[in-house]
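**Student:** could you look at this predicted model? Sequence included:
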Amino acid sequence: MSTRDVLPGPGQQALGYPSLFLLVLVGALVPVVPTGALVSSAAVVAFHRATPFSLALVFVTASLAAFLGDAALYWLGRRGMRSRNGSRWLEAIRSRAPEERLAQAQGKLAEHGVAVLVLSRLVPAGRIPVMLACLMAKWPLRRFSRGNLPACLAWAATYQVIGILGGSLFKEPWEGVVAAVALTVVVSGAPGVVRRVREAAR
């Protein structure tokens, strides 16, 4: 497989950024899309293209999509909190925030405030419990967004660096994509493994 076969031309590249935007946006609303792996893979391709602004466009696209997706989910959650009957979006948020993780998020949010949002985006499975904690603390959307903006920027930068590292190790982009996805899976899964080991030790 050659570089020419993997790297998109101008037409494919024009389609690539909107696709990345939509997938990350959907992944923020419905966390079943591996958005970190998507950003890392896009960074690998941008790194091998070695064209001006390619990496910058990946960063802007990913961070903007994550920010808008989080804002939309938070807004839907606030509507559910104000509704007498709740909403399916609020229930979906609650179902993905175990009681133990929610209690931890509430304690950290009360102690550290907005700074917790930045860390929540970088810790696997940390975003939803902190978002629910913000909802239960009745944070307005504007306050949540102020903290979530640097969180999304840090998240996009982190996974883009993973992609760049993967892409720099191999000559062929597809090899870099595989390496970046594998590295993303390891980074995402490590906290869960550590948590299970600690629970087993107890």
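**Tutor:** Received the coordinates, thanks.
**Student:** per-residue pLDDT, residue 143?
**Tutor:** With respect to pLDDT, residue 143 scores 92.
**Student:** where's it, which helix or strand?
**Tutor:** Assigned by DSSP states H and E, residue 143 falls within helix 141-168.
**Student:** what lies in contact with stretch 95-111?
**Tutor:** 31, 116, 120, 125-126, 128-130, 132-134, 136-137 (C-beta atoms under 8 Å, 6 or more residues apart in numbering). The C-beta positions use only the backbone N, C-alpha and C, and glycine is treated the same way.
**Student:** I meant to write stretch 113-126 there.
**Tutor:** If you take C-beta under 8 Å, 6+ apart as the criterion, stretch 113-126 is touched by 66, 101, 105, 108-109, 127, 129-131, 134, 143-144, 146-148, 150-152, 154-155, 158, 187-189, 191-192.
**Student:** make a PyMOL selection of the buried ones in those.
**Tutor:** A single PyMOL command is used to select the members of the contacts of stretch 113-126 judged buried by 16 or more other C-beta atoms under 10 Å:
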select buried, resi 66+101+105+108+109+127+129+130+131+134+144+147+148+150+151+152+154+155+158+187+188
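**Student:** tell me where this structure has helices.
**Tutor:** 3-6, 10-29, 35-49, 54-82, 88-95, 99-112, 115-122, 127-136, 141-168, 173-201 (DSSP state H).
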